[in-house]
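In: would you be able to build a 3D model of this:
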Amino acid sequence: MHRTTIAPCSNTSFATADVIVLPSYMLPGLTFLHRTLPSIMMGLVLILSQPAAEASDLVRIEGLTTISGEVAKEWISGQLTYIEASGVSKARADDIAYFLENAIRDRGYEDALVEWKVVGAGENQIILLTVNEGQSMLITQFDITGNHALEDEAIIELLTGTTRKRLDLDPKSSVPLVSSDLETGRKKLSEFYTLLGFGDAEIDLQTIPGQAGATIRIIVVEGPEYVVGPISFPEAPASEIQEGFDEVGSEFSGKKFSESVSANLKSRVLELVVNSGYSDAVVSVEEAPHETGEQAKTVALAVSIDWGLPSSISSISVTGNTKIKSRFFDHHFSNIVGQPYSPDLTNKSVEELLETGAFETVRTSPVKQSDGSYLLDVEVEESYSRTLGIYGGFNNYDGPIGGFEFRNLNLFGEVRTINAEIEFSRRGGKGIIKYRDPWFLNSDVEFGASIFGQNRNEEGYKKWETGGNYSFSKRFGRQNANNVTLFGRAAYTDVSSDGINPIFLGDRRYFTHFVGVSYALDKRDQPQQPTKGYIAQISASVASSATGSEVEFFRTTGRLGYYLPVGEHKLRLAARAGAINPIGNTQAIPIDLRFYNGGPQTVRSFQERGLGPIDPTSGYPIGGEFYTIFNAEYQIPIGPIAGLDLVGFADAGNLLPIASSAGFTNMRYAIGLGIRYQTPIGPLRLEYGYNPDQQPGEPQGTFHVGFGFSY
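Out: Predicted structure coming up:
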């Protein structure tokens, strides 16, 4: 037997009072009225002082013993105001008596009675309420038996939550005995047990009065636990649908069974078959309980589908385009024309159009044709194709950042983009021209290229660099979740010492050209601000004399990210690692090609580049060939301001000088808090990371200010 005791509360009334304060900005106006219009001022004073008294004169309450008249009238203040405005009548007297009786009963006076009568005549009529409070009772103790799946505190919260919420009680306060609220709580408790898989659970409540208060005895008979057993699906008409069945089956099998499981399974299967082109399909799910023991039961689920005829997109019709050529839309939607109609793939195509920035809105509407196929009606509103803008920002490492940007979002009327940027910070300046073709040679391959030049003053050294990047990427699979990219970079770099010992620089003037491939599986709900899902990414690249590179190396990086909503909160977990190894005739990796760690996107108890090997003479960071980064964040909305969040985080990571010694040695840590505010250009971040394992020469913690996402 579990016993939980709650100390009785000395004050059995649960009322609050509001105080009205006259704002100071009204005083000059009142002074003016006092000096110039004394009679009007006196009238205002009388008006302001009368309403409460007049309402009290129309309703009189008698018979109260433990409850004050002021508190009782506060409970029925809305009805008092109505009577003051509308006058006295028998119907209004009956109504206000009913409200007062229920208000008293809701506060633990379960036998309370309120009788009414109208006394007086004409304008002197008043309502007389006669109260018989009866005996009030507080719940001072809970005796709970039979519960194994739930803790006592959870059961008590479910039983008393209705009363606490209505009376706005402190969690530590005693709760008045209100039988109707306890019955509501018992039903909630029963429903919660059902969600946990205990569909046969029984909850019995017994009230035992005592001199100090009431004891509530809760007897729980949980019964067997139900879980989802084998799930059978009909034969799939296509391999992709069968793969979807396998995925849905693994998602539901073994989970707690409740009444909502069948409905959720039906919804998932229906979504799958509709997105596979069977828009008229009818799905049903049957349950078949199977005994497996005294403590558990499995429920087998059988899915049946009336497929109907498959529907496809036969053609598209575009309206609203004036600057963008029609053939662009033909090419863009070619991957869905002639294919089974999938709302998900259609929405994905719309999202790709919006991501280009060339459209304000894109609306699609499937129109069913006489042959059962669909005409996809596309309505677009084009945005400005050419823009010239100024931007700015700040972070701890670069300081103030500002720049100019020119964008052409509709090059050649084919929604190809070209951007030109010039940016300055305290670290130097850079210029870059970028070209992006989402549909290279009218295919589903995206091509990107850029040329750049930059002059940077890093900590301990300076560099001048000019070169270019290029990439080809293709998405495939369900909802285009898979992405393969071939990429390359060619650059000439000139490095000079600015305080760092030259022996740590490596090659100072060199040409590099590396090529690589990356693969990403992106199951996030949205790439910009994900709230659920996961992403896994890996890349490998090589620079060698065969590609014309003077520095030769092999580099690999990997990333895992997991995003989970917890009610209105958000949990984010991430892990990253990378290694770069010199190959061929290269003995050491140049300083500018090494990895760095520390900063607002890595381990936040350190400044940017502040974690890892340093030049012992100057104290400047010299980078490393291997790193790891682990992050965890929990984000909580703050108050009534939309977009303002409190973030708690924990980070860990290391940076090792030689890739051959890769491992988890010399791990450094951070724990901290931050505030983020979502702006149109990304989140503004204010964070402090504390170093819980401070070593000599390391900071105790670091404060970070800047824009952008942590990872």
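
In: okay, now the unreliable bits of the stretch 51-200 of the chain?
Out: Within the stretch 51-200 of the chain, the ranges that satisfy pLDDT under 70 run 51-56.

In: strands along that one, start to end?
Out: Ranges of strands within the stretch 51-200 of the chain are 59-62, 113-119, 126-132, 138-145, 175-176, based on DSSP state E, counting those that start in this stretch.

In: residues of the first one that come out buried?
Out: What that stands for is strand 59-62. 59, 61 (16 or more other CB atoms under 10 Å). Every residue, glycine included, has its C-beta placed from N, CA and C.

In: coming back round to it: now, of the strands of the stretch 51-200 of the chain, which is deepest in the fold?
Out: The highest average neighbour count among the strands of the stretch 51-200 of the chain, using mean count of other CB atoms under 10 Å, belongs to strand 175-176 at a mean of 26.

In: from residue 356, how far off is the residue lying farthest from the centre of the chain?
Out: Within the chain, the residue lying farthest from the chain centre (CA atoms, centre = their mean) is residue 121, at 62.8 Å. Residue 121 sits 79 Å away from residue 356, going by CB to CB, to the nearest Å.

In: surely residue 702 is in contact with residue 689?
Out: Yes - counting by CB atoms under 8 Å, residue 702 touches residue 689, with 5.4 Å between them.

In: neighbour count winner among these two?
Out: When residue 702 and residue 689 are compared for neighbours, residue 689 comes out ahead with 28 against 23, by other CB atoms under 10 Å.

In: quick one: residues contacting residue 515.
Out: Going by CB atoms under 8 Å, 6 or more residues apart in numbering, residue 515 touches 486, 487, 488, 541, 542, 543, 547.

In: tell me which element the third one is part of?
Out: With elements delineated by DSSP states H and E, residue 488 resides in strand 482-497, which encompasses its position.

In: coming back round to it: residues shared between the contacts of residue 702 and residue 689?
Out: The overlap between the contact sets of residue 702 and residue 689 (CB under 8 Å, 6+ apart) consists of 604, 605, 606.

In: can you confirm the first one is in a helix?
Out: If I follow you right, that is residue 604. No - under DSSP: H, G, I helix; E, B strand; the rest coil, residue 604 falls outside any helix and is assigned coil.

In: how about it, what does it touch?
Out: The contact partners of residue 604, by CB under 8 Å, 6+ apart, come to 649, 651, 670, 672, 687, 689, 702, 704, 710.

In: show me just the buried residues among the residues you listed.
Out: Neighbour-count burial (16+ other CB under 10 Å) is assigned, among those, to 649, 651, 670, 672, 687, 689, 702, 704, 710.

In: list the contacts of the second one.
Out: Meaning residue 651. Residues in contact with residue 651, defined by CB under 8 Å, 6+ apart, are 602, 603, 604, 605, 629, 630, 631, 632, 669, 670, 671, 689.

In: need the residues you listed in JSON lines (columns: distance to residue 576).
Out: Listed next are those as JSON lines, based on distance: CB to CB, whole Å:
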{"residue": "602", "distance to residue 576": "8"}
{"residue": "603", "distance to residue 576": "11"}
{"residue": "604", "distance to residue 576": "14"}
{"residue": "605", "distance to residue 576": "17"}
{"residue": "629", "distance to residue 576": "4"}
{"residue": "630", "distance to residue 576": "8"}
{"residue": "631", "distance to residue 576": "8"}
{"residue": "632", "distance to residue 576": "13"}
{"residue": "669", "distance to residue 576": "16"}
{"residue": "670", "distance to residue 576": "15"}
{"residue": "671", "distance to residue 576": "19"}
{"residue": "689", "distance to residue 576": "17"}
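
In: which of these count as buried?
Out: Neighbour counting with 16+ other CB under 10 Å marks 602, 603, 604, 605, 629, 630, 631, 632, 669, 670, 671, 689 as buried within the contacts of residue 651.

In: wait, doesn't the first one sit right on residue 628?
Out: No - using CB under 8 Å, residue 602 makes no contact with residue 628, being 9.9 Å away.

In: please enumerate the shared neighbours of these two.
Out: Contact criterion CB under 8 Å, 6+ apart; residues shared by residue 602 and residue 628: residue 653.

In: show me what counts as buried in the strand or helix carrying residue 431.
Out: Of the helices and strands defined by DSSP H and E, residue 431 is found in strand 428-437. Within strand 428-437, the residues that count as buried by 16+ other CB under 10 Å are 428, 430, 431, 432, 434, 435, 436, 437.

In: and what of stretch 331-349?
Out: So for stretch 331-349, counting by 16+ other CB under 10 Å, buried means 331, 332, 333, 336, 340, 341, 342, 345, 346, 349.

In: hmm, back to that, wait, which of the strands of the stretch 51-200 of the chain is closest to residue 305?
Out: strand 138-145 (45.5 Å; CB to CB).

In: run the chain-centre distance for the closest one.
Out: Relative to its parent chain, strand 138-145 has a centroid offset of 38 Å by CA atoms, centre = their mean, to the nearest Å.

In: just checking: what are the partner strands of it?
Out: Sheet pairing of strand 138-145 (DSSP bridges) gives strand 2-5 (antiparallel), strand 175-176 (antiparallel), strand 214-221 (parallel).

In: quick check: the residue farthest from the centre of the chain vs residue 130, distance?
Out: Taking CB to CB as the measure, residue 121 falls 20 Å from residue 130.

In: now swap in residue 517 and tell me
Out: For residue 517, the distance to residue 130 (CB to CB) stands at 87 Å.

In: so which strand or helix has the closest residue in space to residue 411 that isn't next to it in sequence?
Out: Nearest non-adjacent residue to residue 411, counting by CB to CB, 6 or more residues apart in numbering: residue 418, 5.5 Å away. Take DSSP H and E as the rule and residue 418 turns out to sit in strand 416-425.

In: all helices of the protein, in order?
Out: 27-36, 38-49, 51-58, 69-75, 77-86, 90-105, 152-167, 179-195, 239-252, 259-274, 326-332, 343-355 (DSSP state H).

In: just want the angle from the last one to helix 259-274.
Out: Interaxial angle of helix 343-355 relative to helix 259-274 (axes from the mean of the first three to the mean of the last three CA atoms, to 10 degrees): 70 degrees.

In: can I get the strands of the stretch 51-200 of the chain in TSV including distance to residue 314?
Out: Putting these into TSV (distance: least, CB to CB, whole Å) gives the following:
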stretch	distance to residue 314
strand 59-62	72
strand 113-119	71
strand 126-132	73
strand 138-145	64
strand 175-176	65
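
In: looking at those strands, which is nearest to residue 655?
Out: Go through these one by one with CB to CB and the one that ends up closest to residue 655 is strand 138-145, at 53.2 Å.

In: nearest spatial neighbour of residue 308, chain-adjacent residues omitted?
Out: residue 280 (3.5 Å).

In: in contact with that neighbour, which residues?
Out: Counting by CB under 8 Å, 6+ apart, residue 280 makes contact with 308, 309, 311.
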